[in-house]
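S.K.: Turn this into a model:
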Amino acid sequence: MRDAAEALGMRENTYAAYERRPDSSKSTGLSLDRARQFGRKFGVSWVWLMSGEGTPFDAPSFSPEAQRLAQRVDQAPEGERPGLVAAIETLLGRTGTRG
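M.R.: Sure, this is the predicted structure:
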């Protein structure tokens, strides 16, 4: 655990909170940004980290449009990202194209 924390540039206790069971009082949920950071650092799929679906080494496959949209959201200031995602979800819900 110490090596993982060091590789990510965080304190061991901070990293340990991500590894705790979700029902633990000291557990920290994995955000999309953290999942991507962990995935890049450890060479595993961030989708697997977030959902448990597939295998750790599945590469997510997104259309060029989805990749462009995700990149634009990632480039936005962190505080604006939830609003952008909510707006996109609202638009998708209105058009009937939401999954």
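S.K.: what about the longest helix that the chain contains, average pLDDT?
M.R.: Among the segments of the chain that qualify as a helix by DSSP state H, the longest is helix 81-95. Mean per-residue pLDDT for helix 81-95: 84.
S.K.: cool, and stretch 54-67?
M.R.: Regarding stretch 54-67, the rounded mean pLDDT is 79.
S.K.: Helices of the chain, start to end?
M.R.: Listed in chain order, the helices of the chain (DSSP H) span 2-8, 12-19, 32-42, 46-51, 64-75, 81-95.
S.K.: Run a quick neighbour tally on the closest residue to Val44 other than its chain neighbours.
M.R.: Setting aside the residues directly before and after it, Val44 is nearest to Pro56 in space (CB to CB, 6 or more residues apart in numbering), at 4.1 Å. Placement of C-beta: from N, CA and C, glycine included. Residues lying near Pro56 (other CB atoms under 10 Å) number 13.
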